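> Got a sequence here, can you build the structure:
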Amino acid sequence: MRKSLLIALTVILLAGALPATAQVAGTWAGEGSGSCYPPSGIVIHPWQTWKGEIPNTEQTFTGRWRDEDGNHGSFFGRLAPFSTPETVIYQGYWTLETPAGISKGGEFTMTFYFLEGECKGAWTSIWPSPGLPGKMWGKKVD
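Numbers count the residues shown, from 1 in each chain. Coordinates of the predicted model:
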């Protein structure tokens with residue numbers, strides 16, 4: 001009886017410690033696919049490479065993206081209310097930065113499977129875009 005109680009207590013303590021060791025907060029980086037055509041006439045590949053941060057509050061996901069042609073921008077997302085104990089979801093928008101200024105390019109959703117240290121997402125654009133939605137994927141790097 002005492003041994004069973006110790007085993008049960010150990011399982012409860014380990015389960016309770018899991019969220020403290022597996023957090024979504026930190027640095028995430030990855031790649032993406034898809035393209036779109038802003039009014040400037042160039043083709044851009046948003047999220048082709050990206051890096052973002054989730055602070056300890058876990059309320060936001062912000063970062064920068066770049067494509068192999070030198071196009072770049074940023075992204076900003078907020079914690080979605082429908083996250084689950086296994087996944088954390090952020091929804092937000094991404095921008096394109098050019099010499100003419102910063103333009104909102106579209107929206108995104110990113111789902112973090114933080115126990116595995118992986119994430120997957122999709123982006124849309126306000127500009128013509130074949131094969132939307134675009135896709136993103138990544139891993140926790142810090």
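> Quick one: neighbours of the residue nearest to Phe108 when sequence neighbours are not counted, just the number.
Among residues not flanking Phe108 along the chain, Trp123 sits closest, at 4.1 Å (CB to CB, 6 or more residues apart in numbering). From N, CA and C alone the C-beta is placed, and that goes for glycine too. The tally of other residues near Trp123 (other CB atoms under 10 Å) stands at 27.
> pLDDT wise, what is Trp123 at?
Trp123 carries a pLDDT value of 97.
> which residues pair with it across the strands?
Beta-bridge pairing for Trp123 (DSSP bridges): Phe108, Gly134.
> So it sits against Gln48, correct?
No - using CB atoms under 8 Å as the test, Trp123 is too far from Gln48 to be in contact (11.1 Å).
> Mutual contacts of these two, please.
Gly32 (CB atoms under 8 Å, 6 or more residues apart in numbering).
> Now for this structure, the helix or strand with the poorest mean pLDDT.
Scoring the helices and strands of the chain by mean pLDDT, DSSP states H and E places helix 2-21 at the bottom, with a mean of 40.
> Give me the sheet partners of the helix or strand just after that helix and which way each runs.
As assigned by DSSP states H and E, the chain's next helix or strand after helix 2-21 is strand 26-33. Applying DSSP bridges, strand 26-33 is found paired with strand 49-54 (antiparallel), strand 134-140 (antiparallel).
> Present those strands as CSV; the columns should include distance to Ser33 and mean neighbour count.
As requested, the strands paired with strand 26-33 are exported to CSV (distance: least, CB to CB, whole Å; neighbours: other CB atoms under 10 Å):
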stretch, distance to Ser33, mean neighbour count
strand 49-54, 11, 20
strand 134-140, 5, 19
